[in-house]
Each structure stands twice: as structure tokens, then as C-alpha cells.
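Trainee: With the input below, show me the fold.
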Amino acid sequence: MEIPQYGDKLPAKVTRLGMTTALEMFREKAKNPESEVLAVFFATEDGVKGQTPFTYYKHPSHRSKIARFVRKYGQPKVGMAITAIRNEDGFWEIDL
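Mentor: Got it, this is the predicted structure:
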């Protein structure tokens, strides 16, 4: 069995999209508790699952995570193909 390392990438698909608030997502660590957050849930063929939260803005900056996601993959939709990457904390997130 090979243990995934930091920077490893896997093909994945978006399985679910959800809107919530930063307070619900991050609890006491939320910097702006009332801001809206788009949670993008994903899974790979071999069972790796994860989620990546994006702060939702009506007019996002071109440097925001949601804008980078749209530039790379298009509008978020269930079933769309994305790439998951292992971060330095050992969790899977969407590669931007």
C-alpha cells in the first residue's frame, strides 16, 4: 500500500454543492461569521472524499479561490471533473 504524499493529485468529480455561513463551516475560527460559503464536495473513483470551502462573493476578486476555480474548471456543477490534491496537512482539497 502506498501512502499519498503532499502534492499528490487524483482525478475526482464534484458530488455535492452546498451553501452555508462561515460560522457554521469554521465555528469560532471564522474571521467573518456572517459571510456566505460555497462548500464543494468531491470524491474519486477509489473512495477518496473531501470538500473545499469557497467564500461566496457576488463580485469576486480575480485572486479569490472561487474565481480561480471558475477559471480552471468552469461554473461549479455536480458531476464535473476536477483534480484533488493532497495539502501539507494531509487533507485532500481541490487543486486550483
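Trainee: how distant is stretch 70-90 from the center of its chain?
Mentor: 6 Å (C-alpha atoms, centre = their mean, to the nearest Å).
Trainee: next one: stretch 78-93
Mentor: For stretch 78-93, the distance to the chain centre is 7 Å (C-alpha atoms, centre = their mean).
Trainee: Ends of it, what's the gap?
Mentor: This stretch, stretch 78-93, spans 16 Å end to end (C-alpha to C-alpha, to the nearest Å).
Trainee: what do you get for stretch 24-43?
Mentor: End-to-end span of stretch 24-43 (C-alpha to C-alpha): 22 Å.
Trainee: Flag every buried residue along it.
Mentor: Neighbour counts over stretch 24-43 (16 or more other C-beta atoms under 10 Å) mark Met25, Phe26, Val37, Leu38, Ala39, Val40, Phe42, Ala43 as buried. For every residue, glycine as well, the C-beta is placed using N, CA and C.
Trainee: Check stretch 72-87 too.
Mentor: Tyr73, Pro76, Ile82, Ala84, Ile85, Arg86.
Trainee: Let's have those residues in a markdown table, adding secondary structure.
Mentor: Output for these, formatted as a markdown table (DSSP: H, G, I helix; E, B strand; the rest coil):
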| residue | secondary structure |
| --- | --- |
| Tyr73 | helix |
| Pro76 | coil |
| Ile82 | strand |
| Ala84 | strand |
| Ile85 | strand |
| Arg86 | strand |
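Trainee: which of these sit farthest apart?
Mentor: Within the buried residues of stretch 72-87, Pro76 and Arg86 form the most distant pair, 21.2 Å apart (C-beta to C-beta).
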